[in-house]
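Enquirer: okay, predicted coordinates and the sequence, questions at the end:
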Amino acid sequence: MEQPAPPSWQQFRQQMPVTRHWAYLDHAAVSPLPQPSAERIAQWAQDVCHHGDVNWSRWDRTIEVIRRHFARLLGARAEEVAVVRNTTEGVNLVAEGFPWRQGDNVVVPAAEFPSNRFAWMNLESRGVEVRLIQVPHPRLLLEQIEQACDRRTRIVTLSWVEYASGWRHDLARAVQIAHAHGALLFVDAIQGLGIFPLDVHALGIDFLAADGHKWLLGPEGGGVFFLRQEHLELLRPLGLGWNSVQGRGDYARLAMPLRPTAARYEGGSFPMAGMVGLAESLRLILEWKPQRLQQRVLELAGTLRQMLRQAGAQVEEYPEQHQSGIVPFAWPGGEPQQLWRKLRQAGVVLSARGGLLRASPHGYNTPEDFQRLIDALRSG
C-alpha cells in the first residue's frame with residue numbers, strides 16, 4: 001500500500017500565520033506556533049472554560065501522545081522518555097541526581113548556553129570539579145573535550161548544536177570520547193531536535209534534554225528528558241510527586257513504588273495548555289519528517305549564507321557535516337543590537353548572539369524572506 005505523499009513546503013508555509021506579518025528567522029530562539037497547534041490550544045481552553053475538569057482524563061492522555069512522539073524522534077523506547085517543562089529541568093535531573101563522589105569531575109564547554117553551564121557549576125559546593133573548556137571562536141573542537149577528560153570524569157555535557165555559532169557536533173565521536181574515559185554523555189539537543197534525525201540508541205547517548213519551543217515549533221513550557229533504561233536506578237529521583245508513583249491516582253496510600261520508567265520524573269501536574277500545543281507541533285514535525293527537514297533547512301541556510309555574502313556580510317563558514325540551521329553573520333559597520341532593532345522595525349525577526357547577528361530559518365521559509373532581511377540591512 002502506497003504511503004501518502006508528505007506535505008509540500010508551500011503547505012507548510014500556509015500553516016504558519018507568522019509569515020503574513022514577518023520574515024521570521026529566529027527559530028533558534030523561540031518559534032512561532034503553527035495554526036493547528038494554536039487551534040488545539042484554543043480547543044483545550046474552551047473546554048476547560050465551559051466544563052472545568054469534566055474532560056480532564058481526555059486531555060491527560062496527551063502526555064502519552066507526546067511521549068510516543070518524542071520516542072520516535074529520538075529512536076528511544078517510550079519507557080526512557082519523560083515529558084518535562086524545559087531543557088533546564090532535564091539538565092538538573094542529571095546534575096543533581098547523579099551519585100557524585102568527592103574529587104569527581106564534569107567536563108563542560110564554557111560556551112554552552114547558561115542552563116547547561118550553571119547546573120553543573122552549582123556542583124562545586126559538593127566537591128565536584130567543574131572543568132570549563134574555554135572555546136576559541138567560533139567553535140569547540142571535540143579534541144578539547146578529550147584532553148579535559150581523565151579517570152575521574154563522570155559526565156561530559158555538550159550541545160548537539162552550539163546556540164551562538166551554529167556548529168553541529170559529531171555526537172558519535174562525543175559518545176566515544178566520554179565512554180573511553182568511563183564517563184557518560186549528556187546532550188542538550190534543543191538546537192537540533194526536529195530538523196535533524198537522531199537515534200540515541202545507535203549513537204549510545206546516555207542522557208538528553210530539549211525544549212519544544214524552538215525547531216519543534218511548540219509553545220514554551222514543554223520538553224523532553226531521555227535517559228537510557230540502564231541508568232534509571234543510577235540517578236537519585238528528584239521532584240517526586242503524585243505523578244511519580246505507580247497507582248498515581250490513589251492519593252490515600254501513604255507509600256507506593258516509583259514508576260519503573262523515566263515517567264517517575266514527571267512529578268506533578270502539567271501546564272496542559274502548552275502540552276496540547278506541543279503534541280500537535282510534534283505530530284506536524286513527524287509528518288514533515290526530520291530527514292526531509294534536514295535537507296530543506298540546510299539548503300535554505302546555504303542559500304541564506306550565499307545571499308548574505310553577495311550582499312557584503314561576513315558569514316561564518318563550516319564544513320557541511322557541522323552545519324545547522326543557525327547562520328551567524330556580521331554586517332559591515334553595524335552594531336548587532338542596533339541592527340536587531342532596525343530589522344525588527346522592518347518586519348524581520350532574528351537574534352543577536354555572541355557579537356554577531358544570528359538568523360535561523362525553518363523549512364517554511366523562502367529566499368524572499370532572506371531578501372527582505374538583506375533589503376532591511378541595506379536601507380538607511
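Expert: Received it, and whenever you're ready, just let me know what you need.
Enquirer: mind listing the strands for the stretch 201-350 of the chain?
Expert: Residue ranges of the strands in the stretch 201-350 of the chain, as given by DSSP state E, counting those that start in this stretch, are 207-211, 223-227, 314-315, 327-330, 348-349.
Enquirer: nearest to Q338, of those?
Expert: strand 327-330 (12.8 Å; C-beta to C-beta). In short, each C-beta sits where N, CA and C put it, glycine included.
Enquirer: what about that closest one, average pLDDT?
Expert: For strand 327-330, mean pLDDT rounds to 96.
Enquirer: got the contact list for stretch 126-136?
Expert: When contacts are defined by C-beta atoms under 8 Å, 6 or more residues apart in numbering, stretch 126-136 is touched by residues 100-111, 117, 120-121, 123-124, 140, 144-145, 148, 152-153.
Enquirer: the residues you listed in helices, which ones?
Expert: Using DSSP state H, the subset of the contacts of stretch 126-136 located in helices is 117, 120-121, 144-145, 148.
Enquirer: can you report how many residues lie near Q338?
Expert: A count of neighbours around Q338, defined by other C-beta atoms under 10 Å, yields 10.
Enquirer: what about it, distance to V327?
Expert: In this view, Q338 and V327 are 19 Å apart by C-beta to C-beta, to the nearest Å.
Enquirer: L216 now?
Expert: 19 Å.
Enquirer: ok, now A183?
Expert: As judged by C-beta to C-beta, A183 and V327 stand 32 Å apart.
Enquirer: same thing with S165?
Expert: For S165 relative to V327 (C-beta to C-beta), the value is 10 Å.
Enquirer: rewinding a little: show me which of the contacts of stretch 126-136 are buried.
Expert: Among these, the ones that count as buried by 16 or more other C-beta atoms under 10 Å are 100, 104-109, 111, 117, 120, 123, 140, 145, 148, 153.
Enquirer: helices of this protein, residue ranges please.
Expert: For the chain, applying DSSP H gives helices covering 9-14, 35-51, 56-60, 62-74, 87-97, 115-121, 142-148, 171-180, 200-203, 272-288, 290-311, 336-345, 367-378.
Enquirer: show me what the third one is packed up against.
Expert: Packed against helix 56-60, as judged by 3 or more C-beta pairs under 8 Å, 6 or more residues apart in numbering; DSSP states H and E, are the following elements: helix 272-288.
Enquirer: then the longest one?
Expert: Using 3+ C-beta pairs under 8 Å, 6+ apart, the elements in contact with helix 290-311 are strand 314-315, strand 327-330, helix 367-378.
Enquirer: now swap in the second one and tell me
Expert: In this structure, helix 35-51 makes packing contacts with helix 272-288, judged by 3+ C-beta pairs under 8 Å, 6+ apart.
Enquirer: contact partners for R296?
Expert: 9, 363.
Enquirer: for it, give its distance to V175.
Expert: 27 Å.
Enquirer: show the average pLDDT along stretch 151-166.
Expert: Stretch 151-166 comes out with an average pLDDT of 96.
Enquirer: should've said stretch 207-216
Expert: Mean predicted confidence for stretch 207-216 is 98.
Enquirer: so how far is that stretch off the chain centroid?
Expert: Chain-centre distance of stretch 207-216: 2 Å, with C-alpha atoms, centre = their mean, to the nearest Å.
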